[in-house]
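# Whatever this is, show me its structure:
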Amino acid sequence: MGFPEDEKAAAEMGEAELAVTEWDMEMRDPDLLRPSPLPSGELTFSLASVPSPDFSRAMYAAVGARVCWTDRFSWTFEDWAKWVDRPELATWIALAEGTVAGYFELEAQPDGDTEVHLVGLVPAFVGRGFGGYLVEQCVRRAWQRGRLWGDGLGPTERVWLRTSTLDHPNAKTNYLRRGFAVAAETTLVKRVPDPRLAPWPLPGDPRDSRLEPEDGPVEAPVTEKI
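Numbering: from 1, shown residues only. Below you'll find the model as predicted:
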């Protein structure tokens with residue numbers, strides 16, 4: 001049974017039409033990358049060698065929900081699996097204090113383009129000086145395509161990304177400080193789902209294994225006491 005305030009909140013959730021400005025930002029030479037001040041603590045990076053749609057969609061929600069990352073809400077598990085299980089996509093995990101602090105996605109594209117699809121921190125590490133350093137290290141790895149990652153995909157000739165007024169308020173400034181330049185600007189009206197909904201369809205019904213088998217009933221599970 002739901003509480004009245006829960007029902008009211010659910011009724012308020014839905015899509016909203018917002019005027020959104022998007023910027024395509026680019027860096028055409030690795031020498032243009034400007035280092036960030038060192039963060040307040042050590043940040044280490046690991047390339048995810050096992051593609052995991054579960055991890056990627058969980059990070060998408062954890063990092064992006066508070067800054068309106070909603071474009072992948074409609075993705076099924078199969079969509080996520082096809083996205084992450086590609087040689088041209090590299091998912092990097094940032095770790096701090098024994099905790100997953102953030103991540104970023106790099107995609108090797110034709111003609112030497114490498115796109116930064118996603119980069120961000122989980123809420124616990126926002127506001128602690130990690131953001132600029134995360135972007136710097138993300139871009140350094142983007143320029144190392146074909147060596148550090150993306151074997152056989154050739155070198156990077158241009159690093160680019162797209163950000164918008166839906167992203168973190170400091171995102172565009174952070175990219176400019178790291179050496180990116182605005183390549184294009186577009187303003188449009190966009191239907192944006194409520195990020196609190198964050199639907200994550202599973203590949204199958206986890207209840208199936210608990211259903212009664214054809215050869216007879218199973219012992220009822222013990223109900224957990226609260």
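# so how far is Leu33 from the most centrally placed residue in the chain?
Geometric centre of the chain, nearest residue: Tyr60, 3.8 Å, by Cα atoms, centre = their mean. Using Cβ to Cβ, to the nearest Å, we find Tyr60 at a distance of 26 Å from Leu33. From N, CA and C alone the C-beta is placed, and that goes for glycine too.
# ok, the spatially closest residue to Pro123 that is not a sequence neighbour to Gly120 distance?
Nearest residue to Pro123, sequence neighbours excluded (Cβ to Cβ, 6 or more residues apart in numbering): Arg66, at 6.3 Å. Using Cβ to Cβ, Arg66 is found at 9 Å from Gly120.
# With Asp208 instead?
35 Å.
# So if I had to pick from the two, which one is more boxed in?
Ranked by neighbour count (other Cβ atoms under 10 Å), Asp208 and Gly120 place Gly120 first, with 27 against 7.
# residues contacting the more buried one?
Applying Cβ atoms under 8 Å, 6 or more residues apart in numbering, one finds that Gly120 lies in contact with Val63, Gly64, Val67, Gly102, Tyr103, Phe104, Leu134, His168.
# Tell me if it really is in a strand.
Yes: Gly120: assigned to a strand according to DSSP: H, G, I helix; E, B strand; the rest coil.
# The residue nearest to Pro123 - how many residues pack around it?
For Arg66, the neighbour count with other Cβ under 10 Å is 15.
# Next: Arg191.
With other Cβ under 10 Å as criterion, Arg191 counts 11.
# Let me see the contact set for it.
Here Arg191 is in contact with Glu15, Ala16, Glu17 (Cβ under 8 Å, 6+ apart).
# Repeat the analysis, applying 7 Å as the threshold.
Going by Cβ atoms under 7 Å, 6 or more residues apart in numbering, Arg191 touches Glu15, Glu17.
# State the paired neighbours of the one helix or strand it maps to in the sheet, together with their directions.
Assigned by DSSP states H and E, Arg191 falls within strand 181-192. Using DSSP bridges, strand 181-192 pairs in its sheet with strand 16-27 (antiparallel).
# for the helix or strand just after the partner strand, packing partners?
Per DSSP H and E, the first helix or strand lying C-terminal to strand 16-27 is strand 44-47. Contact analysis of strand 44-47 by 3 or more Cβ pairs under 7 Å, 6 or more residues apart in numbering; DSSP states H and E lists strand 89-96 as its packing neighbours.
# Just the helices from the protein, written as ranges.
4-12, 53-64, 77-84, 131-142, 171-178 (DSSP state H).
# Figure out which of the ones you listed is closest to Pro193.
helix 53-64 (11.9 Å; Cβ to Cβ).
# tell me how far that closest one is from the chain's mean position?
Taking Cα atoms, centre = their mean, to the nearest Å, one finds helix 53-64 lying 6 Å from the centre of the chain it belongs to.
# Give me the buried positions along it.
Neighbour counts over helix 53-64 (16 or more other Cβ atoms under 10 Å) mark Pro53, Phe55, Ser56, Arg57, Met59, Tyr60, Ala61, Ala62, Val63, Gly64 as buried.
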